[in-house]
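Peer 1: could you work out the structure for the sequence below:
(chains A and B)
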Amino acid sequence: MWIDSNAYIGHWPFRKFEYNTLDALLGRMKEFGTDMSIVSSLHGIFYKNPQQANQELYEELRSKSAYSSYFIPWAVINPAYGGWQQDFETCVTKMGMKGIRLYPKYHGYDIESSSCIQLVKMSRDKGLPVAFSLRMVDKRATSWMDLDEEWTLQDVLPIVRAVPDGKFLIVNVANSTALDDQDLALLKRAHLLMDTSGRLPGGGTNVLLCKFDELLSTLGVDKFCFGTHSPIQDYFTGRLRIESIGAHQIDEAGRDRLRSGNIQQLLAS
Amino acid sequence: MVMDRRNFLTSGALSTAGLMICPHLEQWPDPSRKQEGSGKVAEIDWMSEVKKYRKIDSHAHVSFYEGSAEEQLYFADKLGIEKLMISRPLTSMSQATPDNFKKANDLVMACMKRYPDRFTGMIFFNVAYQKESLQEIDRCVDAGMVGAGELYRQVKINDPRYYPIIEKFIDLKMVIMQHSVVGYSRVRWCPDEPQSGSSIPEDFVDIAKRYPEGIFQYAHIGGGVDWEYACKVLQHSPNVYVGLAGSNNAANMIDFAMQYIGEDRLVFGCDESYYQGVGHLFSARLTDAQRKKIFFDNYNSILKRSGNHVD
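Peer 2: As a prediction, the model looks like this:
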């Protein structure tokens, strides 16, 4: 069973995407053998009031009964925008959202701000994971109106330190994964997953080379899960990183954890 | 215990209040996919699919650190990449002196000698040192290297200092691969990109028009350039091949490139981003024949002009 932990529907202001509707995403899933996908709204990142986008996603999911068998909705919440506590409650209790997507860089708040920490604690109390993306798109090729800064893995750790018993999903790990011993210990202790959509580089001499195999050894198979970052990135590369792991590197049980076991555990209440 | 999809849906893990995640399984498995046994979706053996295509990585590198060559082959072996066109570019103007570019090419030659069946060398030089570059081309061709690249941002590809170099490569029937600007989509230039030496897509169009018999490779639409911009500009330059290498595996990049450049001028490459380089060609809407061309045939036809093709 394959669960894509990192997919979106909706629009992006600077480029046309395909496969960005529920039907189109479902087509991709069937083509590549993905059983279920976690989805959130892409354009919700750009709405001043992202709750409107959560409402749109909710209504789209309800438009066909079959969707509920394939999609696991997550909400985009902006804890710097008025009424977010009520939005959170509505998303969780009325809309059935199973996780929270946060975008501090796009929404203009600090990851260690009090409202961000409060939201992560509220999510923790409901048993919900919170996701951060190290980048949404490659800053080099995006629009002049887009962000010109990307995160490294180290940049998201302050929130893990602030809420160490929270549940975290870090997606599109495209930049350095280098951590000092203290941060490495924090990451290992945390209930935290990284998806396979990003480059997963090391922090050494060559940042282009993917270090997924080494990271599996140093951090353990329990820290990763399958993700595509679709429709922004190509649909197959995140899966190829898992498919190509040698039989000598990981057993079938470990492979299952990467395909879906770890994300199932993160989603479990 | 790792659950299957049906168990997962009915386990209660997702069925809290609000939008109930119910097991509407009547459309699963998709009837359009091949069935195995009773209702089980046939799994595609993706690694067999990946490995069934012969591949020439038109944009590979080796570095000076210990184990660099083996590191490249580790990924190439995993993904069934048969041949890697390796070079060691020097990225700054101050580094790229004749002494240093000779050392870079010596490294490539040493790697070719260690792995002759896997590595084929590409020559790096800096046209700011034109005389020394011409001498270095002779030395490297004698040693079995088969093209130029990845030439970097020391001198624009349409700079007149390039003319005798290009004429030499026309005589040799070999390709010239040149790095193109990154971050150009931001209107203002990326701070790392010297405007005086960085080639923009229009510079490739210009030189390709001046030398229609030249063979050029644009590096690279996954490498941080605005690939939509690049493909649109390069559309009508038939002697410019477009490299797909780079770490940016943006969705639809290949489909867009197919629309503007076409299946005969796109060449597979990784630039050390092996998973992206291979992965996006399987995500794209390509036929088997198109994938075969891009992974192997197109670049091999370039090599064939100088008699250096892979059998």
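
Peer 1: for chain A, give me the ranges with low pLDDT.
Peer 2: Across chain A, residues meeting the criterion (pLDDT under 70) sit at A:204-205, A:269.

Peer 1: what about the strands in it?
Peer 2: For chain A, applying DSSP state E gives strands covering A:3-9, A:36-41, A:71-73, A:75-76, A:100-101, A:129-133, A:167-171, A:191-195, A:224-225.

Peer 1: how about the stretch 51-200 of chain B?
Peer 2: B:56-61, B:83-87, B:119-121, B:148-151, B:175-179 (DSSP state E, counting those that start in this stretch).

Peer 1: can you list the residues that contact the first one?
Peer 2: The reference is to strand B:56-61. B:72, B:76, B:81-89, B:119, B:149-150, B:177, B:217, B:219-220, B:243, B:245, B:267-272, B:277, B:295-296, B:299-300, B:303, B:310 (C-beta atoms under 8 Å, 6 or more residues apart in numbering or on different chains). All C-beta spots, glycine's among them, are computed from the backbone N, C-alpha and C.

Peer 1: can you give me the buried ones in stretch A:22-36?
Peer 2: Within stretch A:22-36, the residues that qualify as buried by neighbour count (16 or more other C-beta atoms under 10 Å in any protein chain shown) are A:Leu22, A:Leu25, A:Leu26, A:Arg28, A:Met29, A:Lys30, A:Glu31, A:Phe32, A:Gly33, A:Thr34, A:Asp35, A:Met36.

Peer 1: stretch A:209-223 now?
Peer 2: Buried positions in stretch A:209-223, judged by neighbour count with 16+ other C-beta under 10 Å: A:Leu209, A:Cys210, A:Lys211, A:Phe212, A:Asp213, A:Leu215, A:Leu216, A:Leu219, A:Val221, A:Asp222, A:Lys223.

Peer 1: distance of the residue positioned nearest the centre of chain A from A:Gln182?
Peer 2: Of all residues in chain A, the one closest to the mean position by C-alpha atoms, centre = their mean is A:Val171, 4.0 Å from it. Going from A:Val171 to A:Gln182 by C-beta to C-beta, to the nearest Å gives 24 Å.

Peer 1: could I get the strands of the stretch 51-200 of chain B as TSV with mean pLDDT?
Peer 2: Shown next, in TSV, are the strands of the stretch 51-200 of chain B (pLDDT from 0 to 100):
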stretch	mean pLDDT
strand B:56-61	98
strand B:83-87	98
strand B:119-121	98
strand B:148-151	96
strand B:175-179	97
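
Peer 1: what's the most buried one of these?
Peer 2: strand B:56-61 (a mean of 28; mean count of other C-beta atoms under 10 Å in any protein chain shown).

Peer 1: where's it relative to the chain centroid, distance-wise?
Peer 2: With C-alpha atoms, centre = their mean, to the nearest Å as the basis, strand B:56-61 stands 6 Å off its chain's centre.

Peer 1: the residue of the stretch 201-311 of chain B found nearest chain A - nearest residue in space that isn't next to it in sequence?
Peer 2: Across the stretch 201-311 of chain B, the shortest distance to chain A (C-beta to the nearest C-beta) belongs to B:Gly279, at 3.0 Å. Leaving out its chain neighbours, the residue that sits closest to B:Gly279 by C-beta to C-beta, 6 or more residues apart in numbering or on different chains is A:Thr237, at 3.0 Å.
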